[in-house]
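Enquirer: Take this sequence and fold it.
(5 chains, ligands or ions: 4)
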Amino acid sequence: CGDGESSATAGGDSGPVTLRLGYFPNITHAPAVVGVEKGIFAEKLGSDVKLETKTFNAGPAAIEAIFSGALDATYIGPNPTVNAFSKSKGEAVRVVSGAASGGVALVVKPGIDSVEDLRGKKIATPQLGNTQDVAIRYWLKEKGLTTTKEGGGDVKIVPQENAQTVETFGSGAIDGAWVPEPFVSRLVNAGGKVLVDERDLWPDRKFVITNLIVSTKFLKAHPDVVKKLVEGQVAANDFVNTRPDEAQQAISQHIGKITGKPLDLKLIKQAWPTLEFLNDPIASSLKAGLDHAVAVQLTQPVDLDGLYDLSFLNDVLKAQGKPEVPQP
Amino acid sequence: MTSTTTTPSSVTPAVALDGVTKVYGRGAQAVLALDGVSLDVAPGEFVCLVGASGCGKSTLLNLVAGLDRPSGGQVRVAGSEQSAGLMFQEPALFPWLTVAANVELPLRLRGLPRAERKERVAELLRTVHLGEFGGRRPHELSGGMRQRVALARTLALDTPVLLMDEPFGALDAMTRDILHDELERIWSERQLSVLFVTHNVREAARLADRIILLSSRPGRIIYSTRVDIPRPRRIDSAEVAAIAAEVTDRLRTEVGRHGQ
Amino acid sequence: MTSTTTTPSSVTPAVALDGVTKVYGRGAQAVLALDGVSLDVAPGEFVCLVGASGCGKSTLLNLVAGLDRPSGGQVRVAGSEQSAGLMFQEPALFPWLTVAANVELPLRLRGLPRAERKERVAELLRTVHLGEFGGRRPHELSGGMRQRVALARTLALDTPVLLMDEPFGALDAMTRDILHDELERIWSERQLSVLFVTHNVREAARLADRIILLSSRPGRIIYSTRVDIPRPRRIDSAEVAAIAAEVTDRLRTEVGRHGQ
Amino acid sequence: MASDTLARTGSGTLSGLDALDLATQEKAPSRLGRLWSATWPKIAALALALGIWQIVVWTGWKEPWALPGPVTVLSDLGSYLLTSALWDGLATTARRAAVGFAAALVVGLLTGLAVARIRVLRAALGSMITALQTMPSIAWFPLAILLFQLSEQAIFFVVVLGAAPSIANGVIHGVDYVPPILIRAGRNIGARGLNLYRYVIAPAALPAIVAGLKQGWAFAWRSLMAGELLVVIATKTSIGAQLTYARELSEAPRLIAIMIVILVIGLLVDSAFGAADKAIRRRWGVLDQAGN
Amino acid sequence: MASDTLARTGSGTLSGLDALDLATQEKAPSRLGRLWSATWPKIAALALALGIWQIVVWTGWKEPWALPGPVTVLSDLGSYLLTSALWDGLATTARRAAVGFAAALVVGLLTGLAVARIRVLRAALGSMITALQTMPSIAWFPLAILLFQLSEQAIFFVVVLGAAPSIANGVIHGVDYVPPILIRAGRNIGARGLNLYRYVIAPAALPAIVAGLKQGWAFAWRSLMAGELLVVIATKTSIGAQLTYARELSEAPRLIAIMIVILVIGLLVDSAFGAADKAIRRRWGVLDQAGN
Ligand SMILES: Nc1ncnc2c1ncn2[C@@H]1O[C@H](COP(=O)(O)OP(=O)(O)OP(=O)(O)O)[C@@H](O)[C@H]1O
Ligand SMILES: Nc1ncnc2c1ncn2[C@@H]1O[C@H](COP(=O)(O)OP(=O)(O)OP(=O)(O)O)[C@@H](O)[C@H]1O
Ligand SMILES: [Mg+2]
Ligand SMILES: [Mg+2]
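Expert: Ligands and ions are numbered 1, 2, ... in the order given. Purely as a prediction, here's the structure:
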């Protein structure tokens, strides 16, 4: 069936392959942004692969694009990854690399100093059933506080867009929020304080916030290109980790190109330490998150077998003499 | 050339036009529709206005009714604001109302109680021979029937001054004769002052106390004659025919001069 | 009661109505507008239709023009599809077009070249005495002027059959006399068949080869007379007056029976 | 009769395009017949749409998770219809739509009438109305939250800002095109000030106002679908929220099922507007033209 | 003259509400005077709005980052006007709006005419048009991506689906209310089939069509603002993307600055429609009523 669309190579393997790569102009997508801005991907992909980049502001459109064959690979959060995998019965996508970890926290109004103080308060999350939503519910459950899907219980969970969370936190309509960067920093700047850094809840203070997925079809048709892409990802992470100042500058400028206004460098610097840019997709944290979701009755169990294909990553890491990531 | 016809100055006229001029449009496109028309209508007087097509008769009635402002001169109507009821040249019925509701609207606007309104509407529709058509809508009527509804609506106004623009133009001779009688009856009963536009010179002679002739573009009063035939008159009487012939002669000279 | 008037069967009539019935609406609200009307108009014949207000004259013309379908009976018009041009009782001008463009539209629809159209429009506007008004829009005209534009537009049609619904109702006597002459000229030049509705019995006697009288609701043909006065005729001639008087008498009896 | 004679008979039919143009008051089909002739084209259109959809799915053009087939969607719709989520959401959304639209109606009508007839207001605000209409709902979200916090009023605020300009524009257009002769007639028979509005201008402008209301409803509904994400209130699920979640969870069948629900609501509302419009057209005598 | 006599003079003025209703063709104010009388209400309204806004800010009702004052916003707008981001975005968005609206125009006009006059289509699709109009743009995104991938066509698809129903509804409303006498007159003078549309129905329905286009423009623009997020091409910034990102980055002054830009565009487009509408009204002779 529609093979022709999965990549721009209309006539089979003749001619250059086009790789269509998606990402968000966002600080949690730093390796992608830096890789594009600094030409790292282009360099690694070489001249026979044409790179086309697309940006998204939310997961659904990126997944729709993968499903429809409009996109071959994208950086994306754990939630849409699981959705894409389970909705296509494990066929549509594969995770080929990790990208970032951490960068999530519970920010609250001053005066809330403990879990107990949260009783009766309104806390925002980005979306019902997403990673952060599950994280706070599971955490509260462990602490003995109840929540309901409808926003009742001991702590009232209000799912809403992150942008809106900044507005509602500022206007006093909510008392706190469990959100990713850069919203953590933004809420802090609006007078909030961090009550929980999610890293503290995970083994090794590591959990996935961004990973790189590739459409299965593309993976099968062009494994060589995927390998080069992963090489680019590893190189981008190296860049980000070794030259943070330059990376931050690049992110600010790149976001400015799309949004019309460079992102405040101070904000990037503020958020930076809460994030860790890893090539390990931390599969265990994704699985655990899913188990937590089942525990708080927000989802049915999903079989994640086959989601990860880390052979490319391990090839690259091995070639560079770095420690390999165990295939889950 | 501008002649002035006035009633004796001791009586306050019901309608007084004083050097009225009306220009439509601006600049090169401007049309001088009326030029220095002075005319008084005495209370209770029935004045007929005749003139060639496009000479400014409707314009004059619009000015008296206060629907338009003169470009120069003065228009005075005795009584309060709403004192001159105008029957337009077109029926101008409200398409969303039934015939009865069209006739009822002026009564409702005057705040008459419901029962009285109903009675008056029925009476007025009978007057114009449309008793059975109260429940119809304007678009279901013939041209002449619509004109009669418009007549009934105007009669419902009860204003002391009545302005009528070719009210019987779309009616057959018989119906028109009957309505002449009705109009004359109402006019004398209510002591109305009437300014009546018609193309039918006999009709003018049948109804008028005075006939006034307007010249064509620009409209000026060029002739005025009293009709002293005692009432009731018959439209086919010799006296009416004589007056009509006289006015027709005048009109012929006028149109002859302006025509083509 | 239903009388039939037909031309000798050897000639194919230009218009033939055969037992035509027209009912408006349904059920209790139904109005029988025409009831078994049979009428032939010979090629080149000028037939005038008179009758009380609301008797079905406009309805009949609409049926002949093919704008409506009869409820019963048959309407036949000789020639091709577009063979009967109708001048409506209202002007029915297109408000978005200038006067000249209104008159030009039928010519344009027939595909006449531009230069010829321009010439014809100027000629037609002169015919109706509106030569200088080509650039105006309908809303800038007086009632009678609009009617004359509608006349010019209908004359532009060049159909062999002409249907006219009170075409001169809003015109003064002088203008009307002039247009009578013009219409008669065009009719004889183009050998038109004309079905002409009027309330003016003298006008009918002035123009018609044959006058037909319709009864009121339901419309039936109750009287028909040939007018054998030689042309050219004058509207104020004694012969015309005599025919008019005869028709008026008939009409009076008819309206007397139906009116109130 | 000669062969070049055109005959029109009471029972005969005309062929060609003109048959559509002709008034057909004489034909009095039975009630059932009329119902059938109003229904079969809808059924045919539906069948056609489903058919094409199924065929596209059968060609395997896209994977089933990207483009689910009608059977999948309809069975999901079936189970969706059995959930209380749908009915609760529908109740919430319908109530909000009704309240929001009613508020927009009042605001829109008053603004429209005022702007249409008061010259200073028209000069000041006239163009602003269309400009406001083009403002996307999300631009209003921050202001809505500032003004109304996370209450339902915030949703109504967005809905009113979406729908009222559209309604006002309908009113202005209607008032602008009231035939001047009717206004003159109204003034002449003594309708001044408010009475002129009530008895002449408003009814004369009614057709255009109804058209504006229809457009306003569409704006209101779209704004509501976006606005319902603004305040995802405890215990209250809504169609707007469900639509977005279905998309975020990449649940294509559910998304299409909700789209079908939205279409059905749209159809119901349109038929209400259609009935109003038809009643007006019947009154005004402009109904017969197209024969429906 | 008696005191109960009402005088109307050429130079005199009438007082009260009726003064507004009266035609005032005689007054021929100078070109400058007319410009001024069209402009000062706008300036006054603007000043009033700015004044109220500033006062609210001064009261300290909300923190400055939640509700920035006019000075902050205007200075941000000033620097925004100097960036190429605005002008590039504007160029992209304006081009998309023009192309999308043009496509919607064609689709909407044809659908509207067909549905208005062909009875079967009307029965089949009539109600569907309003139903489609109520469908929020985001519901179409998956389909847009399926059909057009991540190309600009996907944006046009969403824009057309947003605007075309609105335009079609305007056409249908216009055609429905063409006075039957004009259609009869048209048929009588030989306009049949397509010519009837071209010379009679279309011009007679023009006012309503223009009103529909105006509503359609608003739908097109709003759909575009949402649709521009569908395909964010890195090298092409757009107003829709900037609006959303300004909100996501909680840049209140920038958000308001972009809203002002959108309002200005709306005003410009409205004045184009307004001019068209005024030209039509002048032709039709319905202009003088409100004296503007
Ligand atoms: N709104 C208008 N704009 C421009 N010119 C107008 C307007 N109304 C009337 N006129 C012009 O003013 C003149 C007088 O028109 P008016 O309607 O008063 O004539 P009338 O005497 O009533 O004619 P008729 O007997 O044909 O009704 C005409 O030449 C007409 O063209
Ligand atoms: N569309 C309609 N619906 C219902 N009834 C109608 C309709 N048109 C006409 N009629 C009725 O049919 C009858 C004849 O109308 P028609 O217009 O043919 O009369 P007419 O002879 O032309 O009268 P007039 O001299 O007043 O113009 C009238 O009683 C009228 O009420
Ligand atoms: Mg007149
Ligand atoms: Mg008639």
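Enquirer: Does B:Ala33 lie in a helix or a strand, and which?
Expert: Per DSSP states H and E, B:Ala33 falls inside strand B:31-41.
Enquirer: Any buried residues in that strand, and which?
Expert: B:Val31, B:Ala33, B:Leu34, B:Asp35, B:Gly36, B:Val37, B:Ser38, B:Leu39, B:Asp40, B:Val41 (16 or more other Cβ atoms under 10 Å in any protein chain shown). (C-beta placed from N, C-alpha, C; glycine too.)
Enquirer: surely B:Leu162 meets B:Gly85?
Expert: Yes: with contact defined as Cβ atoms under 8 Å, B:Leu162 counts as touching B:Gly85 (5.5 Å).
Enquirer: For ligand 2, what's its nearest residue on the stretch 201-328 of chain A.
Expert: Proximity of the stretch 201-328 of chain A to ligand 2 (Cβ to the nearest ligand atom) peaks at A:Gly260, 61.5 Å away.
Enquirer: go on, chain D?
Expert: Per Cβ to the nearest ligand atom, D:Gly285 is where chain D lies closest to ligand 2, at 6.9 Å.
Enquirer: so what's that residue up against?
Expert: Taking Cβ atoms under 8 Å, 6 or more residues apart in numbering or on different chains as the criterion, D:Gly285 is in contact with B:Pro95, B:Arg137, B:Pro138, B:His139, B:Glu140, E:Pro180.
Enquirer: Could you find the closest non-adjacent residue to the residue of the stretch 101-250 of chain B found nearest chain A?
Expert: Residue nearest to chain A within the stretch 101-250 of chain B: B:Leu109 (51.7 Å; Cβ to the nearest Cβ). Nearest non-adjacent residue to B:Leu109, counting by Cβ to Cβ, 6 or more residues apart in numbering or on different chains: D:Gly190, 4.3 Å away.
Enquirer: And for that neighbour, the neighbour number?
Expert: When neighbours are defined as other Cβ atoms under 10 Å in any protein chain shown, D:Gly190 has 22 of them.
Enquirer: if we can go back for a sec, would you turn the buried residues of strand B:31-41 into JSON lines with distance to E:Leu67 and pLDDT?
Expert: Below are the buried residues of strand B:31-41 laid out as JSON lines (distance: Cβ to Cβ, whole Å; pLDDT from 0 to 100):
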{"residue": "B:Val31", "distance to E:Leu67": "58", "pLDDT": "86"}
{"residue": "B:Ala33", "distance to E:Leu67": "59", "pLDDT": "90"}
{"residue": "B:Leu34", "distance to E:Leu67": "61", "pLDDT": "91"}
{"residue": "B:Asp35", "distance to E:Leu67": "64", "pLDDT": "90"}
{"residue": "B:Gly36", "distance to E:Leu67": "65", "pLDDT": "88"}
{"residue": "B:Val37", "distance to E:Leu67": "64", "pLDDT": "91"}
{"residue": "B:Ser38", "distance to E:Leu67": "67", "pLDDT": "92"}
{"residue": "B:Leu39", "distance to E:Leu67": "67", "pLDDT": "92"}
{"residue": "B:Asp40", "distance to E:Leu67": "68", "pLDDT": "91"}
{"residue": "B:Val41", "distance to E:Leu67": "67", "pLDDT": "92"}
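Enquirer: excluding its backbone neighbours, what's nearest B:Val128?
Expert: The nearest residue in space to B:Val128 (Cβ to Cβ, 6+ apart) is B:Arg148, at 3.9 Å.
Enquirer: Now name the helix or strand holding that neighbour.
Expert: Per DSSP H and E, B:Arg148 falls inside helix B:143-155.
Enquirer: coming back round to it: for the residue nearest to B:Leu109, phi and psi?
Expert: Phi and psi for D:Gly190, reported as degrees, to the nearest 10, are phi 100, psi 10.
Enquirer: what's next to the strand holding B:Ala33, contact-wise?
Expert: Applying Cβ under 8 Å, 6+ apart, the contact partners of strand B:31-41 are B:2, B:4-7, B:13-25, B:47, B:56, B:59-60, B:63, B:70, B:73, B:161, B:193-195, B:212, B:214, B:217-221, C:140.
Enquirer: hmm, try it at 7 Å
Expert: B:2, B:4-7, B:13-25, B:47, B:56, B:59-60, B:193, B:195, B:212, B:218-221 (Cβ atoms under 7 Å, 6 or more residues apart in numbering or on different chains).
Enquirer: For D:Leu263, pull up the helix or strand it's in.
Expert: helix D:252-284.
Enquirer: of all of the stretch 101-250 of chain B, which residue lies closest to chain C?
Expert: Using Cβ to the nearest Cβ, the closest approach of the stretch 101-250 of chain B to chain C is made by B:Gly144 at 3.0 Å.
Enquirer: okay but that residue is in contact with C:Gly54, surely?
Expert: Yes: between B:Gly144 and C:Gly54 there is a contact under Cβ atoms under 7 Å: 6.1 Å.
Enquirer: Export the lengthiest strand in chain A to CSV, keeping only CA atoms.
Expert: Determined from DSSP state E, the single longest strand within chain A is strand A:93-102. Extracted as CSV, the C-alpha positions of strand A:93-102 are listed here (Å, rounded to 0.1, in the frame of the first residue of the first chain):
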residue,chain,number,x,y,z
VAL,A,93,6.4,3.8,15.4
ARG,A,94,9.6,2.8,17.1
VAL,A,95,11.7,4.7,19.7
VAL,A,96,15.2,4.8,18.4
SER,A,97,16.8,7.1,20.9
GLY,A,98,16.3,9.1,24.0
ALA,A,99,16.8,12.9,24.1
ALA,A,100,16.0,14.5,27.4
SER,A,101,15.2,13.7,31.0
GLY,A,102,13.8,15.7,33.9
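Enquirer: ok, back up a step: nearest to chain C, out of the buried residues of strand B:31-41: which one, please.
Expert: Scanning the buried residues of strand B:31-41 for proximity to chain C, where the rule is Cβ to the nearest Cβ, the winner is B:Val31, at 7.7 Å.
Enquirer: Can you tell me how far the closest one is from ligand 1?
Expert: Distance from B:Val31 to ligand 1, counting by Cβ to the nearest ligand atom, to the nearest Å: 5 Å.
Enquirer: Could you pull up phi and psi at A:Leu275?
Expert: Main-chain torsions, A:Leu275, degrees, to the nearest 10: phi -110, psi 150.
Enquirer: what's the neighbour count on it?
Expert: Residue neighbour count, defined by other Cβ under 10 Å, stands at 22 for A:Leu275.
Enquirer: now do D:Ser37
Expert: Applying other Cβ under 10 Å, we find 14 residues neighbouring D:Ser37.
Enquirer: Torsion angles phi and psi at it?
Expert: Reported as degrees, to the nearest 10, the phi and psi values for D:Ser37 are phi -70, psi -20.
Enquirer: cool, A:Asp197 as well?
Expert: Per-residue torsions, A:Asp197: phi -100, psi 120 (degrees, to the nearest 10).
Enquirer: If the closest residue in space to it that isn't next to it in sequence is in a bridge, with which residues?
Expert: Of all residues not flanking A:Asp197 in the chain, A:Ala105 sits nearest, at 4.9 Å (Cβ to Cβ, 6+ apart). For A:Ala105, the beta-bridge partners under DSSP bridges are A:Val179, A:Asp197.
Enquirer: who touches A:Ala105 in this structure?
Expert: With contacts defined as Cβ under 7 Å, 6+ apart, A:Ala105 is in contact with A:Val184, A:Val194, A:Val196, A:Asp197, A:Glu198, A:Thr274.
Enquirer: What separation do you get for it and ligand 1?
Expert: 74 Å.
Enquirer: do the same with A:Ser171
Expert: A:Ser171 sits 57 Å away from ligand 1, taking Cβ to the nearest ligand atom as the criterion.
Enquirer: Give me the pLDDT for that residue.
Expert: At A:Ser171, the model reports a pLDDT of 76.
Enquirer: This completes my enquiry, with thanks.
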